[in-house]
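Visitor: Based on what follows, work out the 3D shape:
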Amino acid sequence: MKIPSPTLRLAIDCEALAHNWRALDRLSGEARAGAAVKADCYGLGVDICVPVLRDAGCRNFFVAHWTEVLPVLEHVPAEQIAVLHGPLDESDVAFARETGALPVIDSLRQARLWLDGGGGPCHLMVDSGINRLGISPQEISDPLVEGLDIQVLLSHLACADEDSPMNARQLEIFRDAIQRIEHKEASLANSAGIALGGDYHFDLTRPGLALYGGVPREELAEHIRQVARPMAAIMQTRSLSAGDKVGYNATFTASTDMRVGVVSLGYADGILRSWAGGAFLSGDKPIPILGKVSMDMIVVDLSGAPELKEGALLELPYHLPDAHRQSSLSQYELLTVLGNRFAR
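Guide: Residues are numbered from 1 along each chain as shown. As a prediction, this is how the structure comes out:
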């Protein structure tokens, strides 16, 4: 049975993705860049993105959940995959042993689970102030920590996208942990942390957002290219008369006779109602959004584009810093909310 052509497309610029990793690797100085590929590569697709990152030179891949390991394992060796959430129970330990993926130990309880399951190479997260996952500085001297075979000692910055004094405080705490914990390599910087400079780079950086086109700090702007471009088809065109209303709650009223289109896209696809007042693009020509975004449809003004007909594809401007300003969504949310109806 032939599958109908999709009316939603998410174009992934693989060349831009590879460029971004190489740029971040270069900006990491003497450190090498890894890649956060959790959440299906921030919504862009593991099967598309991981091979591109691998071929660009990446050798360290970070996921959040154990359920994310197998798709990544299709493309890279298990010893290059680390699971940030660590083992919750014995079944996670068994899965790690079976696959070869490395757990990031986040607590003394997880350290005991790992050691009781036979131990072996792992990573260790130290909480330096973000108060999410990680052992506390007060737990560093615990015998369980001493028993771990730590490949990479990690921590995570809370405010790297800001010029916050907390960055220096976390750096100091992490440097102290480095002196007190036996390990092979150290890693602190995320995408924004790379832009903080060499003091934050250590041996391995862990960019995520910037790989996929995000710009968390202005210092990165000239180095990062847009990766994702959502596009949607016009399903119907129609003519409005002056005074006609558009969409839920009738928030738009036509002031004159006009031609509009109904686009196959909506908040079920991650294009939330905060996009109201924005515009699509046809080439360089803006196609304004009218009224509220619906679950599967957005009405647009075709007055300035008489050439556009049903089936024509429109692009939603998705340069992430600009899209953030338009929608008020964070750059992270803009990527990860994109739905699964897009053909990638």
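Visitor: How about Asn190: what's its closest non-neighbour residue?
Guide: Excluding the flanking residues, the one nearest Asn190 by C-beta to C-beta, 6 or more residues apart in numbering is Arg206, at 5.6 Å. C-beta coordinates here come from the backbone N, C-alpha and C atoms, glycine included.
Visitor: Run a quick neighbour tally on the one you found.
Guide: Using other C-beta atoms under 10 Å, Arg206 has 25 neighbouring residues.
Visitor: Regarding Leu334, which helix or strand does it belong to?
Guide: Using DSSP states H and E, Leu334 sits in helix 331-336.
Visitor: helices or strands next to that helix in the packing?
Guide: helix 38-42, helix 320-327 (3 or more C-beta pairs under 8 Å, 6 or more residues apart in numbering; DSSP states H and E).
Visitor: any idea which element Pro103 lies in?
Guide: Assignment of secondary structure by DSSP H and E places Pro103 within strand 102-105.
Visitor: could you dump that strand to PDB, C-alpha only?
Guide: Below are the C-alpha coordinates for strand 102-105, written out as PDB (Å, rounded to 0.1, in the frame of the first residue of the first chain):
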ATOM      1  CA  LEU A 102      28.000   3.500  30.500                       C
ATOM      2  CA  PRO A 103      25.900   4.700  33.400                       C
ATOM      3  CA  VAL A 104      26.400   8.200  34.900                       C
ATOM      4  CA  ILE A 105      26.300   7.500  38.600                       C
END
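Visitor: what's that strand in contact with?
Guide: 79, 81-87, 92-93, 96, 110-111, 114, 121-125, 133, 135, 148, 151, 154 (C-beta atoms under 8 Å, 6 or more residues apart in numbering).
Visitor: Give me the buried subset of those residues.
Guide: Among the contacts of strand 102-105, those scoring as buried are 81-87, 92-93, 96, 110-111, 114, 122-125, 133, 135, 148, 151, 154 (criterion: 16 or more other C-beta atoms under 10 Å).
Visitor: Run a quick check on Ile224 versus Pro216, I expect a contact.
Guide: No: assessed by C-beta atoms under 8 Å, Ile224 is found out of contact with Pro216, at 9.4 Å.
Visitor: list residues touching both of these two?
Guide: Joint contacts of Ile224 and Pro216 (C-beta under 8 Å, 6+ apart) are Ala210.
Visitor: returning to that earlier point: enumerate every residue touching the residue nearest to Asn190.
Guide: By C-beta under 8 Å, 6+ apart, the contact list for Arg206 reads Ala33, Gly34, Ala35, Ala36, Asn60, Phe62, Leu154, Ser187, Ala189, Asn190.
Visitor: and the fifth one, what does it touch?
Guide: When contacts are counted by C-beta under 8 Å, 6+ apart, Asn60 is found next to Arg32, Gly34, Ala35, Gln80, Ala82, Val152, Leu204, Arg206.
Visitor: Please report phi then psi for it.
Guide: phi -130, psi 120 (degrees, to the nearest 10).
Visitor: And the one 4 residues further on, by the same measure?
Guide: Here is the backbone geometry of Ala64 (degrees, to the nearest 10): phi -100, psi -50.
Visitor: Tell me which residues touch it, please.
Guide: The contact partners of Ala64, taken as C-beta under 8 Å, 6+ apart, are Lys38, Ala39, Val83, Leu84, His85.
Visitor: Tell me the one of those residues nearest Lys292?
Guide: The closest of the contacts of Ala64 to Lys292 turns out to be Ala39 (C-beta to C-beta; 27.5 Å).
Visitor: How many neighbouring residues does the closest one have?
Guide: Residues near Ala39, counting by other C-beta under 10 Å, number 17.
Visitor: how close does it sit to Thr336?
Guide: To Thr336, Ala39 is 5 Å away according to C-beta to C-beta, to the nearest Å.
Visitor: where along the stretch 151-300 of the chain do the strands fall?
Guide: Here the stretch 151-300 of the chain has its strands, by DSSP state E, counting those that start in this stretch, at 185-187, 204-205, 228-240, 245-246, 252-253, 258-263, 279-282, 285-290, 298-301.
Visitor: a markdown table please, covering the ones you listed and showing mean neighbour count and distance to Ser330.
Guide: Shown next, in a markdown table, are these (neighbours: other C-beta atoms under 10 Å; distance: least, C-beta to C-beta, whole Å):
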| stretch | mean neighbour count | distance to Ser330 |
| --- | --- | --- |
| strand 185-187 | 21 | 23 |
| strand 204-205 | 23 | 21 |
| strand 228-240 | 19 | 15 |
| strand 245-246 | 18 | 28 |
| strand 252-253 | 17 | 27 |
| strand 258-263 | 21 | 24 |
| strand 279-282 | 19 | 21 |
| strand 285-290 | 20 | 20 |
| strand 298-301 | 24 | 21 |
